[in-house]
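Peer 1: Generate a structure from the sequence data that follows.
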Amino acid sequence: MEQPRKKLIHKLSYKYRLVLINDASFEEKLSIKLTPMNVFVAFSSAIVLLTAIIITLIFYTSLREFVPGYTDTKTKRNLQQLLYKTDSLEQTLRAKELYYNNIINIMKGGNGLQDSTIAPGKPSSMYVFPSAGFSRFEPTTVAEKLSKITCV
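Peer 2: Numbers count the residues shown, from 1 in each chain. Predicted structure coming up:
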């Protein structure tokens, strides 16, 4: 076990010369003494340094917006504001639908609903779905809905 390890360490310490020569004039431009261990350490260090630079650039610059899963803080803030607006619009829509259903119920001869107005911020347990023929997503006005009602 000790013998192969010594051979490997001995091979990694062999010195080699890297020489760059001009082909036309045979002039020596560069000469470097290298060992396999030096080459391995240099490449490993370069890879670690390059990885650290790339990670630093992604985390501390606006490049992180191009990485899936990371968003800009302004985008998060805008999304949160849009969610709040959507929620308040849905609550207002429910309140108006309940109010219109109350009007329709009264026009049909009923007594009306118990609570016809709902504050937009308060959820109600008295949500009444629109009667048959009236779709919540139908792009019609109140006058068109009232014209569809047949009074007895």
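Peer 1: and I32, how many neighbours does it have?
Peer 2: As a burial measure, I32 scores 10 neighbours (other Cβ atoms under 10 Å). Just so you know, the C-beta spots here come from the backbone N, C-alpha and C atoms, and that holds for glycine as well.
Peer 1: and it, that one's in a helix?
Peer 2: No. Counting by DSSP: H, G, I helix; E, B strand; the rest coil, I32 is located in no helix; its state is strand.
Peer 1: gap between the helix or strand that contains F43 and the chain center?
Peer 2: Element membership for F43 (DSSP states H and E) is helix 36-60. In terms of Cα atoms, centre = their mean, to the nearest Å, the gap separating the centre of helix 36-60 from the centre of its chain is 29 Å.
Peer 1: So what does the most centrally placed residue in the chain look like in phi/psi?
Peer 2: Nearest to the geometric centre of the chain sits G69, at 4.6 Å (Cα atoms, centre = their mean). Backbone torsions for G69, taken as degrees, to the nearest 10, come to phi 100, psi -20.
Peer 1: and what of N22?
Peer 2: Per-residue torsions, N22: phi -70, psi 120 (degrees, to the nearest 10).
Peer 1: what sits against it?
Peer 2: By Cβ atoms under 8 Å, 6 or more residues apart in numbering, the residues touching N22 are 28-29.
Peer 1: gap between it and M107?
Peer 2: Distance from N22 to M107, counting by Cβ to Cβ, to the nearest Å: 101 Å.
Peer 1: What of K96?
Peer 2: Here K96 is placed at a distance of 16 Å from M107 (Cβ to Cβ).
Peer 1: Fine by me, thanks again.
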